[in-house]
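Student: Mind folding the following:
(one chain, ligands or ions: 1)
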Amino acid sequence: MKNIFLCKLKDVANWASKHSMWPLAFGTSCCAIEMMHAAGSRTDLDMYGCLFRAGPKQADLMIVAGTITVKMVDVVKTLYDQMLEPKYVIAMGSCAATGGIYENSPSVVKGVDKIIPVDVVVNGCPPLPEDLVKGVLQLMEKKG
Ligand code: SF4
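Tutor: Residues are numbered from 1 along each chain as shown. Now for the predicted structure:
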């Protein structure tokens, strides 16, 4: 018998899990435009097993793309709580990482890590779509 191999179902499931992410389609400001671009034809996040989902109950990755204002804190926490376990967070851009150019504003959170755990930070203002792809690949490595 040619072209047949045997392996454990658990190993196949772990391999598939390691190489797939289901990010929530969620963005708060200009970095979200770059996140959308990352899913477009040039960088094509789908090709890396990363497909955007419309709701938090189908997602295991939150890409925090943009500024988080104090008013948004409850929304971000609620969406995070509704996501599948195990779940991951990428802070995309300097606003999500530290507050960025708004860090002196009292209405802006100085880093999304103050409200939810962050696994990977993608730097820049805005980061390029390629930088986000790199961040997703780093996260997949970390998952393994
Ligand atoms: S990091 Fe720059 S591009 Fe991203 S949300 Fe902040 S100001 Fe906009």
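
Student: from here on, contacts and neighbour counts on C-alpha atoms
Tutor: OK.

Student: Would you verify that residue 140 is located in a strand?
Tutor: No - with DSSP: H, G, I helix; E, B strand; the rest coil as the criterion, residue 140 is helix rather than part of a strand.

Student: Just name the shakiest helix or strand of the protein by mean pLDDT.
Tutor: helix 9-18 (a mean of 86; mean pLDDT, DSSP states H and E).

Student: List the buried residues for that helix?
Tutor: Within helix 9-18, the residues scored as buried using 16 or more other Cα atoms under 10 Å are residue 18.

Student: Quick check: next helix or strand after that helix?
Tutor: Where DSSP states H and E defines the elements, the next helix or strand beyond helix 9-18 is helix 31-38.

Student: Is the ligand within reach of that next one?
Tutor: Yes - counting by Cα under 6 Å from any ligand atom, the ligand has neighbours in helix 31-38: residue 31.

Student: With only the CA atoms kept, save the helix or strand following that helix in PDB.
Tutor: Scanning forward in sequence from helix 31-38 by DSSP H and E, the next helix or strand is strand 61-65. Written as PDB, here are the backbone C-alpha positions of strand 61-65 (Å, rounded to 0.1, in the frame of the first residue of the first chain):
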ATOM      1  CA  LEU A  61      -7.800  35.400  19.000                       C
ATOM      2  CA  MET A  62      -8.400  39.100  19.700                       C
ATOM      3  CA  ILE A  63      -6.300  41.500  17.600                       C
ATOM      4  CA  VAL A  64      -6.600  44.700  19.500                       C
ATOM      5  CA  ALA A  65      -6.200  47.000  16.500                       C
END
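
Student: contacting residues for the residue nearest the centre of the chain?
Tutor: For the chain, the residue nearest the mean C-alpha position is residue 63 (2.9 Å; Cα atoms, centre = their mean). Contact analysis of residue 63 by Cα atoms under 8 Å, 6 or more residues apart in numbering lists 23, 24, 26, 27, 89, 90, 91, 92.
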